[in-house]
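Engineer: here are the coordinates; sequence isn't available:
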């Protein structure tokens, strides 16, 4: 009789431990971090199609997006996009001769150097101003960011979908965890 009671107690303890572990996993997955798979080549060469990454969902609850953060956001088509923050609220952005200008000042984009060096002709980023994208905008509105993919010639980003509401941003990502041979932190 004592042995049966001990076995039932042990089963109950294991059940409680599994339930607690499951609850912790759910909280982590839905509120703190979530995996995402890169779909497409819009962030090449920084990210490759099929890379699996971890999205930090809590960072922007405590702070705001920073220039050049790689973010995941809900796009208008109902998909989640991965892009890089280029422009912040209150800024005027422009590209001229493959150079980013923010409020008239040239800004370096070192993450594009490798890609630019591989070009045999033309520019990586075609010239445009914020007004070319949306004639009603002189600067990026409060609560919005301007995002672009690193593969500028083949990226559907703010040049096509407009500025992105910070409310649509799921989180930032910088850790590739799969494939194992490609584990890295991207910037």
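Structural biologist: Perfect, thanks for sending it. If you're wondering where the values come from, they're calculated on a predicted model, not measured in any experiment.

Engineer: Using the three-state scheme, assign the one residue sitting closest to the centre of the chain.
Structural biologist: Nearest residue to the geometric centre of the chain (CA atoms, centre = their mean): residue 71, 1.9 Å. Each residue gets one of three states, and residue 71 gets strand by DSSP: H, G, I helix; E, B strand; the rest coil.

Engineer: Who are the contact partners of it?
Structural biologist: Residue 71 sits next to 65, 82, 83, 84, 85, 145, 147, 169, 170, 171, 172, 173 when contact means CB atoms under 8 Å, 6 or more residues apart in numbering. Heads up, the C-betas are built off the backbone N, CA and C, glycines and all.

Engineer: pretty sure the last one is touching residue 73, no?
Structural biologist: When you say that, I think you mean residue 173. No - between residue 173 and residue 73 there is no contact under CB atoms under 8 Å: 10.8 Å.

Engineer: follow-up on the earlier one: just name the closest of the contacts of residue 71 to residue 138, please.
Structural biologist: Proximity to residue 138 was ranked across the contacts of residue 71 by CB to CB; first place goes to residue 145, at 16.0 Å.

Engineer: just checking, what packs against the helix or strand hosting that closest one?
Structural biologist: If you go by DSSP states H and E, residue 145 is part of strand 144-148. Here strand 144-148 touches strand 70-74, strand 80-87, helix 158-161, strand 164-165, going by 3 or more CB pairs under 8 Å, 6 or more residues apart in numbering; DSSP states H and E.

Engineer: average pLDDT for the following helix or strand past the longest one?
Structural biologist: So that's strand 80-87. Once strand 80-87 ends, the next helix or strand along the chain (criterion: DSSP H and E) is strand 93-96. Averaging pLDDT along strand 93-96 yields 92.

Engineer: Direction included, what does strand 93-96 pair up with?
Structural biologist: Counting by DSSP bridges, the strands paired with strand 93-96 are strand 99-102 (antiparallel), strand 128-129 (antiparallel).

Engineer: residue ranges for the helices of the chain, please.
Structural biologist: 2-27, 59-62, 113-118, 130-133, 158-161 (DSSP state H).
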